[in-house]
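**Q** Show me how the following folds:
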Amino acid sequence: MTATTTQTSTQSYLPEGLPIPTWEADELQKPYWTGLQEEVIRVQKCGDCGVFQWGPEWMCHECRSFNMTWVEIEGKGRIYSWTRVWHPVHPSLADRGPYLAVLVEFPAAGNIRMVGNLLGDEMQNPDFGAAVTAVFEHHPEAEVPHTKLQWKLA
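**A** Residues are numbered from 1 along each chain as shown. Prediction:
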């Protein structure tokens, strides 16, 4: 399965001051974060039983194998759930509410789910099951260059 680039954002959706997203010292999540910089979404898939999983773990949630691989998935999913966030979860978001957080499900990847921001009108009421596509927000000038994954209605 190959990933498709859906959209690149040159504007920052989130304000300055948030922690920079990056992998932990054990580098388990490194393939995910480097994939975003390449405009692909990478998730784990068990080399033994074939189950997709998110978030990253050293061991398969299904068969307990340690034979985990990273695969690219398409930057398309559907809204499984969403919420409108009114209260800031970080001081730099004090003036940035409300905003929509979505739980995106990937039917082509075993229905794994990821949380992210839904771009657009913060007062919209998206339908459950609505199609969304990935938006890659690049920050090459940051102290630690990184890319954030956002979502938009398809």
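**Q** only C-alpha atoms for contact and neighbour calcs from this point on.
**A** Will do.
**Q** now the helices for the protein?
**A** Per DSSP state H, the chain carries helices over the ranges 30-37.
**Q** Let's test this: mean pLDDT of stretch 94-105, rounded?
**A** Taken as a whole, stretch 94-105 has a mean pLDDT of 90.
**Q** Using PDB, list the CA coordinates for it.
**A** Output in PDB follows, covering the C-alpha atoms of stretch 94-105 (Å, rounded to 0.1, in the frame of the first residue of the first chain):
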ATOM      1  CA  ALA A  94      -5.200  30.200  25.700                       C
ATOM      2  CA  ASP A  95      -6.500  32.400  22.900                       C
ATOM      3  CA  ARG A  96      -7.200  29.600  20.400                       C
ATOM      4  CA  GLY A  97     -10.600  28.100  21.200                       C
ATOM      5  CA  PRO A  98     -12.700  26.500  20.300                       C
ATOM      6  CA  TYR A  99     -11.100  23.900  17.900                       C
ATOM      7  CA  LEU A 100     -12.100  20.500  16.700                       C
ATOM      8  CA  ALA A 101     -10.300  17.300  17.600                       C
ATOM      9  CA  VAL A 102     -11.100  14.300  15.500                       C
ATOM     10  CA  LEU A 103     -10.500  10.600  15.900                       C
ATOM     11  CA  VAL A 104      -9.700   9.400  12.400                       C
ATOM     12  CA  GLU A 105     -10.200   5.800  11.500                       C
END
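**Q** Could you tell me which residues within that stretch count as buried?
**A** Residues of stretch 94-105 classed as buried: 98-105 (neighbour count, 16 or more other C-alpha atoms under 10 Å).
**Q** What lies in contact with it?
**A** Contact with stretch 94-105 is made by 77-88, 111-119, 122-123, 132, as judged by C-alpha atoms under 8 Å, 6 or more residues apart in numbering.
**Q** From the buried residues of stretch 94-105, which land in strands?
**A** Counted as lying in strands by DSSP state E, out of those, are 99-105.
**Q** Any idea how far apart the tips of stretch 67-77 sit?
**A** Chord length of stretch 67-77, first to last residue, is 26 Å (C-alpha to C-alpha, to the nearest Å).
**Q** From the chain's centroid, how far away is it?
**A** 12 Å (C-alpha atoms, centre = their mean, to the nearest Å).
**Q** quick check: mean pLDDT across it?
**A** Mean predicted confidence for stretch 67-77 is 98.
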